[in-house]
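>>> Give the three-dimensional model of this entry:
(chains A, B, C and D)
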Number of protein chains: 2
Amino acid sequence: MDNPFAPPGHDHASCVLSALDAAEAVCARRGERLTPLRRRVLELVWRGHRPVGAYDLLAMLQHERGRVAPPTVYRALDFLCEQGLVHRLDSLQAFIGCGQAADHQDGREDGRHRAHFLICRDCGIAVEVRDGQLDGAISHLAGRAGFAISDETIELSGRCADCQNEWIMGA
Amino acid sequence: MDNPFAPPGHDHASCVLSALDAAEAVCARRGERLTPLRRRVLELVWRGHRPVGAYDLLAMLQHERGRVAPPTVYRALDFLCEQGLVHRLDSLQAFIGCGQAADHQDGREDGRHRAHFLICRDCGIAVEVRDGQLDGAISHLAGRAGFAISDETIELSGRCADCQNEWIMGA
DNA sequence: ATTCATTTTGTTATGTTATATCATTTTGTG
DNA sequence: CACAAAATGATATAACATAACAAAATGAAT
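I've put the predicted structure just below:
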């Protein structure tokens, strides 16, 4: 089966650019403002496919613009999360760029949407996944209990296929 | 459908006692020590079916035994989590007693096991749920990606049936 | 262009959650 | 009893997050 952790020929520079473009488009459509600061924080979050801590982002911002305080970062992250451009991984207390911002399939009035993750504890990469069977099971479970879901935290930690292979190969 | 948030005729005192008994049994079988401190922390976690913060527990302990420092609480919680007697809810940064400690169905060598939650944001009650369809969807999803799961964080927040009804009734 | 209300950002201080480290006490074992 | 291992106590600090208020930037209406 295809391994979402190792998309063949991944060009990260264009990956980031398309995320930023999608963010511009999403904000424009909603009448929200992707200010330079917010855009820069989004770009920093997208440095890679590993979740980033708020204080890591803070350090990066301080490195490039001197004194920056925590609220500056948290406010930008709050905005980006509200717009569904970034997700917070509760199990790691860290943030990651949303891979489906452009699609906004199941989008609510705001930009938030269901987000489920596979997180490799070895390489640190986190992948946002979408699975109809999982969505169905969740809806069914909640429905049976008469429970109205407003937020889902679904984070599966373990080892991705590559990292399992590395141990086997003795890398 | 039956509502897990409102088990009819719930006797919480005996609910707590059975949880403590189960904990004693589980530890005895594994050769682990449920010391007075650990047992007391477990009992405090079981004050209700609402998740409890570590610092809330700390305050309760301080109230009954004077100076107590955070590591005292966190070490007890670490032990209880390792034994699967307590779960940490990442989305709340809080802890809750495990409702299936006695069953230890899918138990690993240690006491940890799959734990999925419905959390009512109105009444604060969290219920541990078990659903074969959900388990199946998760296993299938991971299998397709070649991903080996070691930990699952599955927390569904929203409103339980009772709290939805209260608004309708105008309570 | 100027005013005005709103939004965003800066700044300072503090709150909340969690862990590292080393000392002391308790417990199980030979 | 002596010893090693486990648990707890105690001190300090790290890591994550927000409250509150001031200043600046933005957009809309005149």
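
>>> Longest helix in chain A, please.
The longest helix of chain A (DSSP state H) is helix A:12-30.

>>> Relative to residue A:54, how far out is residue A:88?
In this structure, residue A:88 and residue A:54 are 9 Å apart, going by C-beta to C-beta, to the nearest Å. All C-beta spots, glycine's among them, are computed from the backbone N, C-alpha and C.

>>> Ignore what I typed, I meant residue A:66.
Relative to residue A:54, residue A:66 is positioned 18 Å away (criterion: C-beta to C-beta).

>>> These two: who's more crowded?
Applying other C-beta atoms under 10 Å in any protein chain shown to residue A:66 and residue A:54 shows that residue A:54 carries more neighbours, namely 17 against 7.

>>> Contact partners for the residue lying closest to the more buried one once chain neighbours are set aside?
Closest residue to residue A:54 apart from its sequence neighbours, by C-beta to C-beta, 6 or more residues apart in numbering or on different chains: residue A:73 at 5.3 Å. For residue A:73, the contacting residues are A:41, A:54-55, A:57-58, A:61, by C-beta atoms under 8 Å, 6 or more residues apart in numbering or on different chains.

>>> Could you dump these into CSV with secondary structure and distance to DNA strand C added?
Written out in CSV, the entries for the contacts of residue A:73 read as follows (DSSP: H, G, I helix; E, B strand; the rest coil; distance: C-beta to the nearest atom of the strand, whole Å):
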residue, secondary structure, distance to DNA strand C
A:41, helix, 9
A:54, helix, 11
A:55, helix, 11
A:57, helix, 12
A:58, helix, 11
A:61, helix, 8
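
>>> Farthest-apart pair in those, please.
The most widely separated members of these are A:41 and A:55, with 12.9 Å between them, by C-beta to C-beta.

>>> So for these two, which residue has more residues nearby?
More crowded of residue A:41 and residue A:55, by other C-beta under 10 Å: residue A:41, with 28 against 13.

>>> if we can go back for a sec, shared neighbours of residue A:88 and residue A:54, anything?
A:77, A:94-95.

>>> Select from those the one having the most neighbours.
residue A:95 leads the shared contacts of residue A:88 and residue A:54 on contacts (other C-beta under 10 Å) with 24 neighbours.

>>> Roughly how far does that one sit from residue B:24?
Shown here: residue A:95 relative to residue B:24, a distance of 42 Å by C-beta to C-beta.

>>> give me the number of residues near residue A:127?
Using other C-beta under 10 Å, residue A:127 is surrounded by 20 other residues.

>>> That one should be in a strand, yeah?
Yes: with the criterion set as DSSP: H, G, I helix; E, B strand; the rest coil, the secondary structure at residue A:127 is a strand.

>>> Isn't it up against residue A:3?
No: counting by C-beta atoms under 8 Å, residue A:3 is not a contact partner of residue A:127; they are 9.3 Å apart.

>>> residues shared between the contacts of the two?
If you check residue A:127 and residue A:3 against C-beta under 8 Å, 6+ apart, the residues they both contact are A:160, B:145.

>>> Now do the same for residue A:149: helix, strand or coil?
For residue A:149, the secondary-structure state derived from three-state DSSP is strand.

>>> Please, where are all the helices along chain A?
Counting by DSSP H, the segments of chain A that form helices are A:12-30, A:36-45, A:54-65, A:70-82, A:132-145, A:161-169.

>>> Fine by me, we can end here.
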